[in-house]
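Asker: Fold the stuff below for me.
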Amino acid sequence: MWLLVKDGPPKVVAHPEAWEALDDAGRAKVLAALQPEGEDVTGECILCDQPTKLQPLDWDDWDRCEVGARAIDDHTLELKLENPTPYFLELLNHYTFWPVHPPTIESFGARTKRGTGWALPGKYVGNGPFTLEEWQINARSVVKKNLNYWDRDTVKLNEIRFYPIESVDTEERAFRSNFIHNTQTVPPYRIDWHKKNNHDSLHVDTYLGVYFYRFNTERKPLDDVRVRLALALSIDREALVKHVLRAGQQPAYNYTPPGTGGFTAGPQFKADVKEAKRLIAEYLKETGQSSVPEFELRYNTSESHKKVAEAIQAMWKKELGVDVILDNQEWKVFLKSVELRTTRLREPDG
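Answerer: As a prediction, the model looks like this:
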């Protein structure tokens, strides 16, 4: 499944021949393509991948449900959405909507169980340009050219090896030493160097996302809306994107990135250090404190997360006199702390 733009808004193409957009009844056409075992890709192949997102419904349930998905026939998928979503076709480009092989899913009981092994080498059945040959956790994954792929003649690579490298610094050095040929990201402090010395290899692409911090409003001092608002108002977002991140990011003053579904939201607030200081002073006076109690900011291991957290920590100290402890955690530990709400301030899951 990939995204095309042709004389209008982006279109999602699940398969090579063609596509049809959602009609007035909310139906999307799923056109034929072959699985590696010579079977057609059908609407059921997409429904089978949605055990917790879009539950398949029978005809009796359909008229009563408010949200759902069903395959009307082999080539027609009907979807009911909770709200009008103008960028829904773009969402279908996400890998959670890619088709899977229903007989494989059923044989492993993978609709309702995790860890069944259906996606392991020798078990996984897909319709992409490569097949999974090797998967060593925390070591490497290897894929090889799929000889049954519908457009196999245009696939030039016979094999690709993927290496899970946690440190972006290590990843960047591996690229410069020719150990790997493509990276997922670049350390912010190395972007300017690559722009100057390695311009042809550096590709900066737009990513639809919003970076934000989440407050635990059940713990002091973040249970007070004035403190939370003051922290938000005192962040210099322009300085963050220009001097810390350096990759063309835009300051965010709302939750909807510009151009989402053809819509650009206006700012919901603006930075205001003077107002932030007033809110903190009012909070301190009312609570009888001389300073805002110290709290921690937790983030999962990432050089970019670390740089952003350090910059915001310095801003809050300079403008508001607020002391923040930074706590870096490995991904699994971080997720557990989010689940248990053991911290006051967290960066997003990413």
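Asker: and Trp135, how many residues sit next to it?
Answerer: Look at Trp135: counted by other Cβ atoms under 10 Å, it has 15 neighbours. For glycine as for every other residue, the C-beta is placed from the backbone atoms N, C-alpha and C.
Asker: excluding its backbone neighbours, what's nearest it?
Answerer: Excluding the flanking residues, the one nearest Trp135 by Cβ to Cβ, 6 or more residues apart in numbering is Ser141, at 4.9 Å.
Asker: Give me the buried positions along the helix or strand where that neighbour lies.
Answerer: In this assignment (DSSP states H and E), Ser141 forms part of strand 140-145. For strand 140-145, a neighbour-count test (16 or more other Cβ atoms under 10 Å) marks 141-143 as buried.
Asker: quick one: Lys80 and Val100, what's the gap?
Answerer: 21 Å (Cβ to Cβ, to the nearest Å).
Asker: right, I mislabeled it, should have said Asn254
Answerer: Using Cβ to Cβ, we find Asn254 at a distance of 36 Å from Val100.
Asker: More neighbours: which of those two?
Answerer: Neighbour totals were compared for Asn254 and Val100, and Val100 leads with 23 against 13 (other Cβ under 10 Å).
Asker: The more buried one against Gly126, yeah?
Answerer: Yes - the criterion here is Cβ atoms under 8 Å, and Val100 meets it with Gly126 at 7.3 Å.
Asker: Just the pLDDT for the nearest residue to Ile160 once chain neighbours are set aside.
Answerer: Distances taken as Cβ to Cβ, 6+ apart place Val143 nearest to Ile160, at 5.2 Å, with adjacent residues excluded. On pLDDT, Val143 comes in at 96.
Asker: Contact partners for Val143?
Answerer: By Cβ atoms under 8 Å, 6 or more residues apart in numbering, the contact list for Val143 reads 130-133, 159-160, 162.
Asker: swap in Ser167?
Answerer: Taking Cβ under 8 Å, 6+ apart as the criterion, Ser167 is in contact with Glu303.
Asker: any idea how far Lys277 is from it?
Answerer: 38 Å.
Asker: can you pull the buried residues of stretch 83-94?
Answerer: By 16+ other Cβ under 10 Å, the buried positions in stretch 83-94 come out as 87-90, 92-93.
Asker: same question, stretch 160-171
Answerer: For stretch 160-171, the neighbour count (16+ other Cβ under 10 Å) marks 165, 168, 171 as buried.
Asker: end-to-end on it?
Answerer: End-to-end distance of stretch 160-171: 16 Å, with Cα to Cα, to the nearest Å as the criterion.
Asker: swap in stretch 131-149?
Answerer: The straight-line separation of the ends of stretch 131-149 (Cα to Cα) is 10 Å.
Asker: repeat for stretch 291-309
Answerer: The first residue of stretch 291-309 is 21 Å away from its last residue (Cα to Cα).
Asker: Begin at 893, not 1, for the rest of this chat.
Answerer: Will do, 893 is the new start, and the previous item becomes stretch 1183-1201.
Asker: buried sites along that stretch?
Answerer: Using 16+ other Cβ under 10 Å as the test for burial, stretch 1183-1201 gives 1184, 1187, 1189-1192, 1194-1197, 1199-1201.
Asker: lowest confidence element among the helices and strands of this structure?
Answerer: For the chain, counting by mean pLDDT, DSSP states H and E, strand 894-897 ranks last in confidence among helices and strands (a mean of 32).
Asker: So what touches stretch 1184-1193?
Answerer: 1058, 1105, 1111-1114, 1119, 1172, 1175-1176, 1197-1198, 1201, 1204-1205, 1212-1223, 1226, 1229, 1235-1239, 1241-1242.
Asker: Give me the mean pLDDT for it.
Answerer: The predicted model gives stretch 1184-1193 an average pLDDT of 91.
Asker: now the end-to-end length of it.
Answerer: Length of stretch 1184-1193, first residue to last, Cα to Cα: 27 Å.
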